[in-house]
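K.L.:
sequence below, structure please.
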Amino acid sequence: MFFIQKRYSEEVEKNNKHKNKEPSIARMTFLGLMATFTPTRWLLRMHKRKVEDSSTTEAATSTITQTPIFYVHGFRGGDYTTNKMVHAACKAKGTDKFLKATIDPFGNFILEGTWTADPQPIVQLVFKDRIAGVYASSYYLRTAFSYLSKRYHFKKYSAVAHSLGAPSVVKVEMKTSLRKNFPHLDHCALIAGPFDGVMYLGDLPNVNRLNEKGRPILMSISYLGMLFNQRRFNPNISVLNIYGNILDETNTDRFISVVSAKSIRYILAPGAHTFQEVEVRGDAAEHSVLHDNPFVINIINKFLKLTD
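P.N.:
Presented below is the predicted three-dimensional model:
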């Protein structure tokens, strides 16, 4: 699922100018393809990891168990996708400090900001390869969680993921559920997740539907993969699924159908510790602005117990 739509790209980037020069589309596509397929990933891992570190680490007391909150963007996203959510979370904690971790396809990192000493450090995760599909994004996430958990010594984490970041987070947990030396999900907030296709890329308005049990009639390869690994999703995880409907007769948030976003319930709800679902309607429910919606941010912060 590569989710390549010119219209979407223009929509999410029209008000976001990138200060740093990013890799070319051709380079990102090539490296994303290498990260997608297991046989070619070893070529990426051959490069010696480089860490550009200007961050600071606050000393946590031995009595505190830290469960960081990772904010993950989706296709064609970046730090601007999660900025408002990150700053709102910091404000709820009474601080302006958070860690920004940028990862490239070779596993190199740029670390900026502060890893705080409180129980829930905030981490804004940014992919250099901004047009990666769900399998490449999942690979980047696994690399990031593995490296950062060893650096900061955490065993559990929470995730707030928008768009393609949502199925990527789910796939990472399913892929690593049996690994004892890998951190595992505690809470996850999924926003506008394309779990069973994207408009005009595996999905069409009002074509797919959910049966009486909540299972989609039409299932993508990615969805079938998650369904097959359903039992690998840890039953101790609490899930919040947020999706949008702009009420224009398509039953979509303009790019993700309500059916696609809701379809994850059939997979996760039976085994999750808790599963909550919220539908946002109207103009503020549009895919590229849903993550900045104050109502959505407030719900997420309550879900993560950052606010009452």
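K.L.:
got the contact list for L125?
P.N.:
Contact analysis of L125 by CB atoms under 8 Å, 6 or more residues apart in numbering lists 70-73, 101, 103, 141, 144. All C-beta spots, glycine's among them, are computed from the backbone N, C-alpha and C.
K.L.:
my bad, should have said T307
P.N.:
T307 makes contacts with 92, 298, 301, as judged by CB under 8 Å, 6+ apart.
K.L.:
that one: what secondary structure?
P.N.:
At T307 the chain is in coil, as set by DSSP: H, G, I helix; E, B strand; the rest coil.
K.L.:
ok, now P105?
P.N.:
Strictly by three-state DSSP, P105 counts as coil.
K.L.:
how about the secondary structure of the nearest residue to F295 once chain neighbours are set aside?
P.N.:
In this structure, F295 finds its nearest non-sequential neighbour in V280, 6.7 Å apart by CB to CB, 6 or more residues apart in numbering. Each residue gets one of three states, and V280 gets strand by three-state DSSP.
K.L.:
cool, and I110?
P.N.:
Put simply, I110 is strand when judged by three-state DSSP.
K.L.:
for it, which non-adjacent residue is spatially closest?
P.N.:
Per CB to CB, 6+ apart, closest to I110 is T102, 4.2 Å.
K.L.:
what's opposite that neighbour in the beta bridge?
P.N.:
T102 forms beta bridges with I110, V126, as assigned by DSSP bridges.
K.L.:
can I assume it is in contact with F109?
P.N.:
Yes. Using CB atoms under 8 Å, T102 makes contact with F109 at a distance of 6.7 Å.
K.L.:
now the longest helix seen in the chain: buried residues?
P.N.:
In terms of residue count, the longest helix belonging to the chain (DSSP state H) is helix 134-152. The neighbour-count check on helix 134-152 (16 or more other CB atoms under 10 Å) flags 134-149, 151-152 as buried.
K.L.:
so Y157 makes contact with Q66?
P.N.:
No. Using CB under 8 Å as the test, Y157 is too far from Q66 to be in contact (9.0 Å).
K.L.:
how far does stretch 154-170 stretch from start to finish?
P.N.:
Using CA to CA, to the nearest Å, the span of stretch 154-170 from its first residue to its last is 19 Å.
K.L.:
my error: substitute stretch 221-240 in the last question.
P.N.:
In stretch 221-240, first residue to last residue: 23 Å (CA to CA).
K.L.:
quick one: mean pLDDT for it?
P.N.:
For stretch 221-240, mean pLDDT is 96.
K.L.:
buried residues in that stretch?
P.N.:
Buried, per 16+ other CB under 10 Å, within stretch 221-240: 222-223, 225-227, 229, 233-234, 237-240.
K.L.:
need the contact list for T114.
P.N.:
Listed by CB under 8 Å, 6+ apart, the contact partners of T114 are 55-58, 97-99.
K.L.:
only the buried subset of these, as a ChimeraX command please.
P.N.:
Remark: buried members of these, expressed as a ChimeraX selection using 16+ other CB under 10 Å:
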select :55,97,98,99
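K.L.:
determine which two of the contacts of T114 are furthest apart.
P.N.:
Farthest pair in the contacts of T114 (CB to CB) is T57 and F98. Separation: 12.6 Å.
K.L.:
neighbours of the closest residue to Y135 other than its chain neighbours, how many?
P.N.:
Closest residue to Y135 apart from its sequence neighbours, by CB to CB, 6+ apart: T36 at 4.6 Å. Neighbour count for T36, taken as other CB atoms under 10 Å: 18.
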